[in-house]
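Undergrad: model this:
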Amino acid sequence: MSQGQERELGWDDEIEKEGGNFVLLPKGDYNFTVAKFERGRFQGSEKMPPCNQAKLELTIHSQEHGDITVFHNLMLHTKTEGFLSNFFAGIGQKKPGEKLRMNWNAVVGAKGRCKIVENKYMSKGEERVNNQVDTFYSYEEYLKKSGGNQQQAPAQNQAPFPTGQPQNQQQNGGFVPGQF
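TA: As a prediction, the model looks like this:
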């Protein structure tokens, strides 16, 4: 199968990729990049009513294990507003004490630092373990730990750059295709 865009497979399609080995990261602090974002709907539970859900795919950067994918869901509900603030502060969009209109268009590609823990759960009568995000650190903490040479996330009122477009406006004299 080609290295192109993701797509649905047909029943008779050929496949070639090998199954990846699951890597459980040791608990600790790691830099991350938001690789994917998908809008979803949480159907509700005993503790949480139905609400919108942000499904994030984070690439966790580990010196020992390389880049590892961790999935993280954010519920868009007043009960979880603190978690949302924590995430947006962690990618540099939210400043302490200020309101924020969540800019989901600027989430993919955003970088930050988080605390990863081991999550034990039961599946088909068997105890399993995976990684999950415990908390996101402030963007300033990320800048300190990564040498301070990372590009600042766009402010909440700035138009996000389209995927694949240059992040440095100076390269095109300030013109960004598709932005008005």
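Undergrad: Show me where this protein has its helices.
TA: Ranges of helices in the chain, per DSSP state H, are 81-90, 139-145.
Undergrad: Turn those into CSV, columns for mean neighbour count and mean pLDDT.
TA: Every C-beta, even on glycine, is put in place using the N, C-alpha and C of the backbone. CSV is the format used below for the helices of the chain (neighbours: other Cβ atoms under 10 Å; pLDDT from 0 to 100):
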stretch, mean neighbour count, mean pLDDT
helix 81-90, 19, 96
helix 139-145, 17, 90
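Undergrad: Of all the ones you listed, which one is nearest residue 30?
TA: Counting by Cβ to Cβ, residue 30 lies closest to helix 139-145 out of these; the figure is 9.6 Å.
Undergrad: Can you work out which other helices and strands pack against the longest strand along the chain?
TA: Using DSSP state E to define each element, the chain has its longest strand at strand 28-42. Contact here means 3 or more Cβ pairs under 8 Å, 6 or more residues apart in numbering; DSSP states H and E; on that basis strand 28-42 packs against strand 51-62, strand 66-76, strand 111-123, helix 139-145.
Undergrad: what's the angle between that strand and strand 66-76?
TA: Going by axes from the mean of the first three to the mean of the last three Cα atoms, to 10 degrees, strand 28-42 is angled at 40 degrees with respect to strand 66-76.
Undergrad: Each with direction, which strands does strand 28-42 pair with?
TA: Neighbouring strands of strand 28-42 in its sheet, by DSSP bridges, are strand 51-62 (antiparallel), strand 111-123 (antiparallel).
Undergrad: can I get the CA coordinates of that strand in PDB?
TA: Written as PDB, here are the backbone C-alpha positions of strand 28-42 (Å, rounded to 0.1, in the frame of the first residue of the first chain):
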ATOM      1  CA  GLY A  28       7.100  11.500  33.500                       C
ATOM      2  CA  ASP A  29       7.200  14.900  31.800                       C
ATOM      3  CA  TYR A  30       7.300  15.000  28.000                       C
ATOM      4  CA  ASN A  31       7.100  17.500  25.100                       C
ATOM      5  CA  PHE A  32       4.300  16.900  22.700                       C
ATOM      6  CA  THR A  33       2.900  18.000  19.400                       C
ATOM      7  CA  VAL A  34      -0.800  17.900  18.500                       C
ATOM      8  CA  ALA A  35      -0.900  15.600  15.500                       C
ATOM      9  CA  LYS A  36      -4.600  15.400  14.900                       C
ATOM     10  CA  PHE A  37      -7.900  16.900  16.100                       C
ATOM     11  CA  GLU A  38     -11.300  15.600  15.500                       C
ATOM     12  CA  ARG A  39     -14.700  16.900  16.600                       C
ATOM     13  CA  GLY A  40     -16.900  14.300  18.200                       C
ATOM     14  CA  ARG A  41     -19.800  13.800  20.500                       C
ATOM     15  CA  PHE A  42     -19.700  12.200  23.900                       C
END
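Undergrad: Nothing else from me, thank you.
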